[in-house]
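Undergrad: for reference, the sequence and a predicted model appear below.
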Amino acid sequence: MPLAAITVTQAGGLDGADGLASALDALPRGRPVVLLIHGFKYRPGDPRRCPHRHILALRPDPGGRRRVSWPRHLGVGRDPAAPLCVAVGWPAGGSIWQAWRSADTTARTVADLIGAIAARRGAPVHGLAHSLGARVALRAAAAAPAGSVGRLLLLSAAAAQEDAAAALAVPGLEAVSVASRENDLFDAALELALGLRDRSLGAGLSAPHRRWADLDIGAPETGAALSRLGHPIRTRPARVCHWSPYLTPGLFGLYRRLLLAPGTLPLSDLRAALPARVAPRWSRLLPPRPAQGGVLLRP
């Protein structure tokens, strides 16, 4: 079955490498490899917060609507052409400061892992990462050998714009940041707690980049654009939600296409179809303000 579970230890070691090697040997030539990287608060081995029993499992333990199987939604166990999904568990528990530092240690191990897989397969490795896992993915991509990373899908990325800039300095890498104004509270808290020098990626890049796309799933224009591309989504807007990029029905169909058949949806086509700018922060939480003459201004 094309699912391999590995764990990066607190010291930066790697558990599960033998199982991954066997899965790579069994994978047909040309089939992509996708790293799945969870975010904050998950801890491998913790009965309640182990990612390998939760979102990275083929059949997650029951309990709670957020227990959505990423590998199953990418086709594992259902589609004979599914990719090899490598479920990367890492120590993301403790405080946000501890997890932020752990993300750096994890990224160095993941960078080596990416290089080894890409060399073995003769093809770049893709990634799907949520929350603080996006920082792991971006920093790993920046440190991995040139040409070893293909596309990254970053969901509610708990990462800074400088992390994206470092990754985009790597030739060939492409990234899609899937965000929503529902995540504004988390973005602002991250910037405040860590004293970031620049804004988090929920605000988009500081300047457009041809190998980057900001996908604001809460914008009506985005929903219309995705429908035209053949991927209608059913949004259920909330004022605050950190998990909508993997809970919104219809999005995994888009993710499968972006990761498994990238040639059918060039990033330039996706960027051209989407709104030019992401909606301003707090526009989901705060109502429009009336200006003089009754004209409405967005906060």
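TA: Yep, it's here.
Undergrad: ranges for the strands of the protein?
TA: 3-8, 14-15, 33-37, 84-89, 125-130, 149-155, 174-179, 212-216, 289-290, 296-297 (DSSP state E).
Undergrad: tell me the helices in the stretch 51-200 of the chain, going along the chain?
TA: Along the stretch 51-200 of the chain, the segments classed as helices by DSSP state H, counting those that start in this stretch run 70-73, 96-121, 132-143, 161-168, 184-194.
Undergrad: and the angle from the fourth one to strand 174-179?
TA: An angle of 150 degrees separates the directions of helix 161-168 and strand 174-179 when computed by axes from the mean of the first three to the mean of the last three C-alpha atoms, to 10 degrees.
Undergrad: on that earlier part again, I'd like the strands of the chain as CSV, with distance to Leu226 and mean neighbour count appended.
TA: Backbone N, C-alpha and C define where each C-beta goes, glycine included. Converted to CSV, the strands of the chain look like this (distance: least, C-beta to C-beta, whole Å; neighbours: other C-beta atoms under 10 Å):
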stretch, distance to Leu226, mean neighbour count
strand 3-8, 27, 23
strand 14-15, 37, 14
strand 33-37, 21, 27
strand 84-89, 23, 27
strand 125-130, 17, 26
strand 149-155, 14, 27
strand 174-179, 11, 26
strand 212-216, 8, 23
strand 289-290, 30, 10
strand 296-297, 26, 9
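Undergrad: okay, the helices of the stretch 51-200 of the chain in CSV with distance to Val8, mean pLDDT and mean neighbour count next?
TA: Shown next, in CSV, are the helices of the stretch 51-200 of the chain (distance: least, C-beta to C-beta, whole Å; pLDDT from 0 to 100; neighbours: other C-beta atoms under 10 Å):
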stretch, distance to Val8, mean pLDDT, mean neighbour count
helix 70-73, 17, 96, 23
helix 96-121, 5, 96, 19
helix 132-143, 9, 98, 27
helix 161-168, 18, 94, 20
helix 184-194, 21, 89, 17
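Undergrad: need these in TSV (columns: distance to Leu254).
TA: Formatted as TSV, the helices of the stretch 51-200 of the chain follow (distance: least, C-beta to C-beta, whole Å):
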stretch	distance to Leu254
helix 70-73	11
helix 96-121	23
helix 132-143	17
helix 161-168	20
helix 184-194	22
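Undergrad: compare those and give me the one nearest Phe40.
TA: helix 132-143 (4.4 Å; C-beta to C-beta).
Undergrad: which residues are contacting that closest one?
TA: The contact list for helix 132-143 (C-beta atoms under 8 Å, 6 or more residues apart in numbering) reads 35, 37-40, 88, 90, 92, 99-100, 103-104, 106-108, 110-111, 113-114, 127, 129, 149, 152, 154-160, 163-164, 166-167, 169-170, 173, 175, 177, 201.
Undergrad: and stretch 50-69, by the same measure?
TA: Identification of contacts with stretch 50-69 by C-beta under 8 Å, 6+ apart yields 1, 3, 5, 7, 36, 38, 42-44, 47, 70-72, 76-77, 87-89, 130, 243, 246-247.
Undergrad: the same query, at a cut-off of 6 Å, please.
TA: Contacts with stretch 50-69, where a contact means C-beta atoms under 6 Å, 6 or more residues apart in numbering, come from 3, 5, 36, 38, 42, 44, 70-72, 77, 87, 89, 243, 246.
Undergrad: how long is it end to end?
TA: This stretch, stretch 50-69, spans 13 Å end to end (C-alpha to C-alpha, to the nearest Å).
Undergrad: pLDDT below threshold where in the stretch 1-150 of the chain?
TA: Where the stretch 1-150 of the chain drops to pLDDT under 70, the residues are 1, 64.
Undergrad: can you rerun that using 80?
TA: Along the stretch 1-150 of the chain, segments meeting pLDDT under 80 span 1, 63-65.
Undergrad: this completes my enquiry, with thanks.
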